[in-house]
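1. 3D, please:
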Amino acid sequence: MVPRHALSMLPPVKYPETSVDAFVADLRSVCGQFDVRPGKERVNMRGGALLDTRAGIEMARIAMDVQQVVRTQKSVKQESGEHYFLIVQEEGKALMSQADVSVMMSPGDMVLIDSAAPSEFTFFGHFNRQLSLHLPRAELHSRFGYDLLQGGLSLPRHDPTNMALYGVLAKVFSTTEANNPTNHYLREAVMGLLGAMLHERSGREDFAGIDSDLGSSHALTAAQAYIDTHYRNPEMSVQLMADDLCMSVRQIQRGFASIGTTPTKYLMLKRLEHTRRGLEDRKAGRRDDLIASIAYEAGFSDLSYFNRCFRQAFGQTPKEFLKLDILQAF
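-> Numbering: from 1, shown residues only. You can find the predicted model right below:
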């Protein structure tokens with residue numbers, strides 16, 4: 001069972017209507033150089049960006065009804081990238097992309113973002129809220145080593161480490177005294193759980209302990225790379241992938257189970273993200289392909305099936321996505 005959001009213990013915040021420019025200024029002062037894409041011809045929005053410090057951890061409460069928040073390569077070059085952001089999805093749905101990783105986040109899910117690399121969040125729903133824990137880059141490298149840390153690591157809501165983190169955050173939010181002696185231990189608990197997740201994902205022998213865990217890590221890495229390369233092939237299947245990788249289907253399934261998903265869902269996510277980007281390009285006038293052409297290009301061979309999957313993932317049909325501002329469809 002997924003625990004109730006520890007974040008509900010925070011004092012409620014009302015987010016009035018504000019200008020997009022004012023929100024961008026607040027977001028940049030709190031989180032750094034990010035660009036905001038509010039949606040077609042919008043100058044006002046509802047939301048805000050508030051900075052807080054609890055148990056010695058700097059954190060931001062971000063709320064918005066915009067379409068996208070993007071950190072570009074140009075933005076990265078303008079800053080030193082001093083933090084990793086542990087993002088907790090509170091409300092709405094967000095598609096996070098960093099490097100070659102795409103993760104659909106629902107309330108309760110978490111993801112680790114590297115501020116030293118470009119990233120993109122696309123939001124769905126009337127309103128989105130996120131909590132962002134700002135973890136010092138130098139400290140994390142000192143604690144865990146550079147090799148373990150990478151942006152785009154997801155921690156789904158049903159994962160035991162995620163549940164443990166929620167328990168610690170609940171205690172953090174219930175402690176209002178800045179000098180409470182338990183703050184140090186709460187901060188260490190957050191860092192310890194993050195380290196446990198990083199080492200578990202690394203497949204290192206000293207933490208994995210058994211060959212099956214190492215095998216799952218290897219299978220996951222190989223299968224993700226395979227899907228990233230071949231997802232546009234409409235004939236691709238888990239069995240074909242297993243045959244090409246000289247693995248069993250069960251090995252691949254166990255690998256994806258370690259990050260709370262399945263190879264089929266990961267394949268679908270890659271195809272849907274490809275079509276979403278293609279439709280965004282068409283909306284922006286960068287291409288004029290038919291919806292069917294964009295879907296087939298991404299590996300879909302059945303247009304009706306594609307339409308159902310797109311609507312289930314993004315809450316609107318591809319035609320609605322093209323005709324309407326993304327926020328008006330919810």
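
2. show me the protein divided up by domain.
-> Split into domains by automatic domain parsing, the chain comes to 6-201, 206-261, 270-329.

3. where among the ones you listed is average confidence lowest?
-> Ranked on mean pLDDT, the bottom entry among those is domain 206-261, at a mean of 78.

4. and that domain, how far out from the chain middle?
-> 20 Å (Cα atoms, centre = their mean, to the nearest Å).

5. picking up where we left off before, let's have the domains of the chain in a markdown table, adding mean neighbour count.
-> To be clear about C-beta, it is placed using only N, CA and C from the backbone, and glycine gets the same treatment. Output for the domains of the chain, formatted as a markdown table (neighbours: other Cβ atoms under 10 Å):
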| stretch | mean neighbour count |
| --- | --- |
| domain 6-201 | 17 |
| domain 206-261 | 16 |
| domain 270-329 | 16 |
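
6. what about E188, distance to G152?
-> From E188 across to G152, the span is 25 Å (Cβ to Cβ, to the nearest Å).

7. and whatever helix or strand A25 lives in, how far out from the chain's middle?
-> Assigned by DSSP states H and E, A25 falls within helix 20-31. Distance of helix 20-31 from its chain centroid, counting by Cα atoms, centre = their mean, is 20 Å.

8. residues touching the most centrally placed residue in the chain, list them.
-> Nearest to the geometric centre of the chain sits M96, at 3.8 Å (Cα atoms, centre = their mean). M96 sits next to 87, 102-105, 111, 113, 119-121, 152 when contact means Cβ atoms under 8 Å, 6 or more residues apart in numbering.

9. show me the beta-bridge partners of it.
-> Using DSSP bridges, the beta-bridge partners of M96 come out as V103, F121.

10. could you verify that N179 is part of a helix?
-> No - N179 is assigned coil when assessed by DSSP: H, G, I helix; E, B strand; the rest coil, not a helix.

11. surely E58 touches L51?
-> Yes - using Cβ atoms under 8 Å, E58 is in contact with L51, at 7.0 Å.

12. span of stretch 38-52 from start to end?
-> End-to-end distance for stretch 38-52, by Cα to Cα, to the nearest Å: 25 Å.

13. just stretch 277-288 next, same as before
-> End-to-end distance for stretch 277-288: 13 Å, by Cα to Cα.

14. cool, stretch 232-240 as well?
-> OK, stretch 232-240 end separation, Cα to Cα: 14 Å.

15. still on that earlier bit, of the contacts of M96, which is the nearest to T264?
-> Ranked by distance to T264 (Cβ to Cβ), those are led by M104 at 14.0 Å.

16. excluding covalently adjacent residues, which one is nearest to that closest one?
-> Nearest non-adjacent residue to M104, counting by Cβ to Cβ, 6 or more residues apart in numbering: L95, 5.4 Å away.

17. how far away is the one you found from I62?
-> According to Cβ to Cβ, L95 and I62 sit 16 Å apart.

18. now the strands: where do they sit in the chain?
-> With DSSP state E as the criterion, the chain has strands at 17-19, 35-37, 44-54, 57-64, 68-71, 83-98, 101-105, 110-114, 119-136, 153-155.

19. turn those strands into TSV, columns for distance to T182.
-> TSV is the format used below for the strands of the chain (distance: least, Cβ to Cβ, whole Å):
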stretch	distance to T182
strand 17-19	36
strand 35-37	37
strand 44-54	12
strand 57-64	13
strand 68-71	34
strand 83-98	20
strand 101-105	30
strand 110-114	23
strand 119-136	18
strand 153-155	24
